[in-house]
Structure formats: structure tokens, C-alpha cells
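>>> My questions concern the predicted model and sequence given below.
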Amino acid sequence: MAAFLEDEDSVVSIKDIVDEEQALQDTANAVLGDSDDTNCTYTKGYVSRQALYACSTCTPSSSVLAGFCLACSLRCHEGHDVIELYTKRNFRCDCGNSKISGNPCLLCPDKDPLNSENIYNHNFNGLYCTCNRPYPDLDDEVEDEMIQCSVCEDWYHTRHLGLHPPNSFEETVCDKCMSRLSFLYHYKIHSVSSEEPFVHQETLDACTSTTHHIESEKTETHTAKTESDSIIPNGKEAEPKTLSTDSPPLKSDPVPGPTNESQSQLRETETCVLEKRKTLSSSSSNFSGPGYFTSQWRSELCSCSSCKKMYKELSVEFLLDTLDSITSYETRAKSTGYIHDVGMEALSSSMGRVQQVEMINGYNHMKEELKKFLGSFASKGKVVRPRDITDFFGELENQKRQRLEYGDGIPPDSC
């Protein structure tokens with residue numbers, strides 16, 4: 001806002017102001033809304049997903065990678081060169097442990113030297129993507145969006161992913177992770193392919209339905225044939241044949257039936273969604289590149305015992321957890337909201353109680369009046385000029401002076 005106050009002739013669209021502020025609020029709520037800003041999360045163990053930070057001041061060496069929670073970033077690393085890492089899964093706060101030994105944790109000083117289950121990458125050094133560059137990158141002249149991989153959780157420029165993202169998708173898996181988890185190619189919707197596209201869910205359902213229909217026809221045909229065998233050409237029912245009581249009983253060699261193990265394997269194959277998809281799609285070796293997945297794609301992953309074993313061996317059991325996704329986290333975060341102004345809190349904490357109330361009331365009043373003021377411009381499709389803002393705050397000052405003059409002000413602090 002300060003920028004357009006310098007030039008009287010400059011104008012700013014009210015929509016630009018509202019959109020920019022709303023975008024900042026949405027981003028803050030999406031990242032911080034489901035994170036604790038007052039208590040260190042160390043005691044919660046390896047948190048399923050939380051906002052994380054790294055500190056270049058406390059870990060100047062690129063060989064030492066450490067991360068900490070939101071509360072520690074505000075309390076223990078205030079004034080430091082802090083790197084925002086967005087969110088990551090299954091991470092335990094490192095603040096004050098052996099990785100950051102020179103800066104003790106002020107919120108939870110009693111911690112183990114290391115968190116052995118934490119996973120680190122070059123993001124903790126402030127570097128991202130295959131280009132290994134910082135964000136924001138002041139030397140990069142190309143405007144490009146960055147997308148986080150849902151598996152390795154690194155961030156990638158769209159131009160470095162190998163395939164431009166579609167118009168609509170919810171999660172992304174980078175090409176490196178897709179190569180390691182090749183089974184995902186049978187679930188994904190977009191990829192670089194030299195063959196025909198993958199079979200969609202509708203085709204799979206139709207095929208299953210057709211198979212069931214064919215089996216039903218076979219059963220009906222077999223039943224009809226059995227019934228026709230009991231009818232003779234002249235229309236009379238055939239007399240049932242009976243064995244003579246004098247004839248010796250027929251003997252037959254016992255036929256071995258299927259074992260419990262083979263039956264179990266057969267049922268497993270019949271219920272495995274992945275195996276069905278493999279038969280309906282091309283070999284995964286014919287596909288490459290990143291994967292872009294639509295909403296609820298995780299719920300379509302096979303959850304048979306064989307696939308669960310595979311997920312565990314590949315350390316991707318979290319894929320079956322729909323609450324693990326960034327979208328799910330952001331939804332929870334936005335519903336909670338992160339209405340927190342660190343500067344206001346720091347300022348008000350140094351004041352007396354009455355002064356705190358006065359300042360908070362004044363701040364809230366100003367915010368409401370500004371919202372009404374800008375709303376009047378928005379409804380008329382006008383733009384906000386510097387003199388409009390000056391007049392607005394001048395009017396607020398007059399209102400405050402009148403309240404104090406007529407005895408409606410808050411008395412001096414006596415606490």
C-alpha cells in the first residue's frame with residue numbers, strides 16, 4: 001500500500017487489493033492453520049503433517065540439516081535467517097537438540113540428541129527442484145509455479161517436471177518417485193506415453209460388469225442345456241436311468257482339491273485392484289514422467305494384503321491415508337484459521353491491561369471501518385487513490401478526537 005502513496009497520479013484497483021490480501025490470508029491459513037504457534041510439537045512425537053522451518057543462522061553448514069516447528073520459529077529463532085519449508089510429514093522438532101546445540105529450545109528443553117526417523121532433503125538448505133536453486137530465485141527471470149511432490153515432498157518448477165500439469169489435478173508425484181513406484185502408472189491420469197493411454201476407472205468398471213454378464217450367460221446356457229437333456233424328441237419326459245442293485249459300485253480315483261494356501265492366493269488375485277488394472281493397461285515400462293492425480297485418487301489404491309506389504313517395503317504406507325495429503329491438511333487448516341499478528345502481540349504484551357484493551361479495540365475498529373470504506377469502492381467499481389486513503393485515516397483521527405472530547409475514551413492505565 002505504501003507504494004502507491006508515493007505517486008498521487010497512480011491508481012490501484014480495489015479488486016487487486018482485496019485479491020492480494022485474501023491470497024496472503026489463504027496461504028497463511030493453509031500452511032499455519034493446523035499448526036500450534038505457542039507450544040513446541042516435540043512432545044507429540046513424529047507429527048503426521050505440520051509447518052516446518054530451518055535456520056541458516058543456527059546451522060550455517062550445509063552438511064547439517066535440521067528442522068523445527070512453528071512455535072519454535074517464533075520463540076526460539078526470532079531474528080534469525082529462517083527458511084520456510086511449507087509442510088512435511090512424520091517429522092519431530094529438532095530445535096535445541098544436537099543438530100542445533102548452540103541455540104537451546106526455550107519451549108521444550110528436554111529432548112533426545114537426534115530424531116532418527118526424520119527425513120531431510122536439500123530443502124532444509126533452502127534449495128529446491130532438480131535445478132537445486134533457492135526460492136524465491138532472484139536470478140531466475142522465468143515466471144514459473146512450483147509444485148510439491150506428494151512422495152518425496154521436494155518442490156519442482158513445472159518446467160522441470162518433464163510434463164506440463166493438466167488444468168485440473170490435486171496431487172503430483174515427480175518422475176523420480178514415479179520411476180521408483182512404477183505401480184502408480186496404473187492409477188495415474190496423465191503421463192508421457194509412447195503407447196495408448198491408460199484405462200480409466202469407467203472402463204475398468206465396464207469390463208468388470210461385462211465379465212459378470214458373460215459368466216451369467218454361461219450359467220444360464222449350462223442350465224438350459226441340462227434341462228434339454230431330460231427332454232426326448234416326442235415331447236415325453238425321459239425316464240430316469242437307475243443302476244441295477246446287482247451291479248457293483250463304480251470306483252474312481254480321488255481328485256485332489258485345492259489347498260487352503262492356493263485358495264487364499266486365488267482369492268487375493270481376484271480381489272487385487274492393481275492386478276486388474278495391469279491387465280487393462282499397458283506395461284508400466286512404456287510410461288515415464290511425473291504423475292498428476294485427481295481428487296480422491298488415494299481411495300482407489302488397492303488395499304489387499306499383497307499391496308499393503310508392497311507399500312510397507314517401499315516406505316509409502318502413507319499413500320493409503322487420505323488425511324496425509326496436502327489438500328486434506330489445508331482444508332483442516334483453513335477451517336481452523338490462523339488469525340495471529342506477532343507484531344501486535346509483542347506490542348500489546350508490553351502495555352498495561354487497559355492500554356491493551358484500548359489498542360485492540362482501536363485496531364478492530366480501524367479494520368472494520370477500512371473494510372466498509374474499501375467495500376464502497378468495490379460496489380461502484382472504482383479505484384482507490386492515495387488521497388482517498390489519506391482522507392480515510394484523517395476521518396478516523398477526527399472520530400477518535402471526538403470520542404475523547406465527549407468523555408467516551410478509556411481512562412488512563414491504573415493497573
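Alright, I've got the coordinates.
>>> Please name the nearest non-neighbouring residue to Arg271.
Just to correct that, residue 271 is Thr rather than Arg. Leaving aside its chain neighbours, Thr271 sits nearest to Cys304 (5.7 Å; criterion: Cβ to Cβ, 6 or more residues apart in numbering). All C-beta atoms are positioned from the backbone trio N, CA, C, and that covers glycine.
>>> Number of residues surrounding that neighbour?
Residues near Cys304, counting by other Cβ atoms under 10 Å, number 17.
>>> try the one 5 residues further on
Residues lying near Lys309 (other Cβ under 10 Å) number 10.
>>> tell me the SS of it?
helix (DSSP: H, G, I helix; E, B strand; the rest coil).
>>> where's it relative to Glu317, distance?
Lys309 sits at a distance of 10 Å from Glu317 (criterion: Cβ to Cβ, to the nearest Å).
>>> Then Glu170?
Distance, Glu170 to Glu317, using Cβ to Cβ: 20 Å.
>>> And these two? Which one has more around it.
For Glu170 versus Glu317, neighbours defined as other Cβ under 10 Å are more numerous around Glu170 (16 against 13).
>>> Check which helix or strand Met178 maps to.
Element membership for Met178 (DSSP states H and E) is helix 175-180.
>>> Packing partners of that helix?
Judged by 3 or more Cβ pairs under 8 Å, 6 or more residues apart in numbering; DSSP states H and E, helix 175-180 is in contact with strand 287-293.
>>> Output the contacting helices and strands for the strand it packs on.
Secondary-structure packing of strand 287-293 (3+ Cβ pairs under 8 Å, 6+ apart): strand 171-173, helix 175-180, strand 190-193.
>>> Going by mean pLDDT, which of those comes out lowest?
Looking at the helices and strands packed on strand 287-293, the lowest mean pLDDT belongs to strand 190-193 (a mean of 50).
>>> And Ser101, how far from Cys93?
Going from Ser101 to Cys93 by Cβ to Cβ gives 15 Å.
>>> just the helices in this structure please.
For the chain, the helices defined by DSSP state H cover 2-5, 14-32, 70-75, 175-180, 201-228, 260-271, 273-280, 305-313, 326-336, 342-349, 353-380, 386-405.
>>> re earlier: the more surrounded of Ser101 and Cys93?
Just comparing Ser101 and Cys93: by other Cβ under 10 Å the higher neighbour count belongs to Cys93, 32 against 10.
>>> Would you confirm that Gly67 contacts Gln50?
No: under the criterion of Cβ atoms under 8 Å, Gly67 makes no contact with Gln50, lying 9.8 Å away.
>>> what's the overlap in contacts for these two?
Counting by Cβ atoms under 8 Å, 6 or more residues apart in numbering, the contacts common to Gly67 and Gln50 are 88, 91.
>>> hang on, isn't Cys307 packed against Glu275?
No: using Cβ under 8 Å, Cys307 makes no contact with Glu275, being 9.2 Å away.
>>> Domains in the protein, by residue range?
Recorded structural domains for the chain (assignment: automatic domain parsing) are 1-33+339-415, 36-125, 127-204+279-336.
>>> ok, now which ones touch Arg89?
With the criterion set at Cβ under 8 Å, 6+ apart, Arg89 makes contact with 48-49, 153, 318, 324.
>>> of all these, which two lie farthest apart?
Considering Cβ to Cβ, no two members of the contacts of Arg89 lie farther apart than Ser48 and Glu153, which are separated by 12.9 Å.
>>> Between these two, tell me which one has more neighbours.
Using other Cβ under 10 Å as the criterion, Ser48 and Glu153 rank with Glu153 on top: 21 against 14.
>>> Which pLDDT value goes with the more buried one?
Here the pLDDT value assigned to Glu153 is 97.
>>> likewise Asp391?
At Asp391, the model reports a pLDDT of 78.
>>> measure it to Gly102 for me?
52 Å.
>>> out of those two, which sits in the more crowded spot?
Set Asp391 next to Gly102 and count neighbours by other Cβ under 10 Å: Asp391 wins out with 12 against 8.
>>> coming back round to it: residues contacting the residue nearest to Thr271?
Applying Cβ under 8 Å, 6+ apart to Cys304 gives the contacts 268, 271-274.
>>> Now a ChimeraX select for only the buried ones of those.
This is the ChimeraX syntax for the buried subset of these, where burial follows 16 or more other Cβ atoms under 10 Å:
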select :272,273,274
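>>> Dump the contacts of Cys304 to a markdown table, plus distance to Met366 and pLDDT.
Converted to a markdown table, the contacts of Cys304 look like this (distance: Cβ to Cβ, whole Å; pLDDT from 0 to 100):
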| residue | distance to Met366 | pLDDT |
| --- | --- | --- |
| Glu268 | 65 | 51 |
| Thr271 | 62 | 87 |
| Cys272 | 62 | 95 |
| Val273 | 57 | 94 |
| Leu274 | 58 | 94 |
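>>> Pick the one among the contacts of Cys304 closest to Leu161.
Closest to Leu161 out of the contacts of Cys304 is Leu274 (24.7 Å), distances taken as Cβ to Cβ.
>>> Pretty sure Cys302 is one of the things the closest one touches, is it not?
Yes: at 4.4 Å, Leu274 and Cys302 qualify as touching, with contact defined as Cβ under 8 Å.
>>> now the contacts of Cys304 as TSV including distance to Ser63?
Shown next, in TSV, are the contacts of Cys304 (distance: Cβ to Cβ, whole Å):
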residue	distance to Ser63
Glu268	46
Thr271	48
Cys272	44
Val273	43
Leu274	40
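>>> Tell me the one of the contacts of Cys304 nearest Gln402?
Using Cβ to Cβ, Val273 is the member of the contacts of Cys304 that sits closest to Gln402, with 71.1 Å.
>>> so what's the closest one closest to, chain neighbours aside?
Ranked by Cβ to Cβ, 6+ apart and with sequence neighbours excluded, the top spatial neighbour of Val273 is Cys302, at 3.7 Å.
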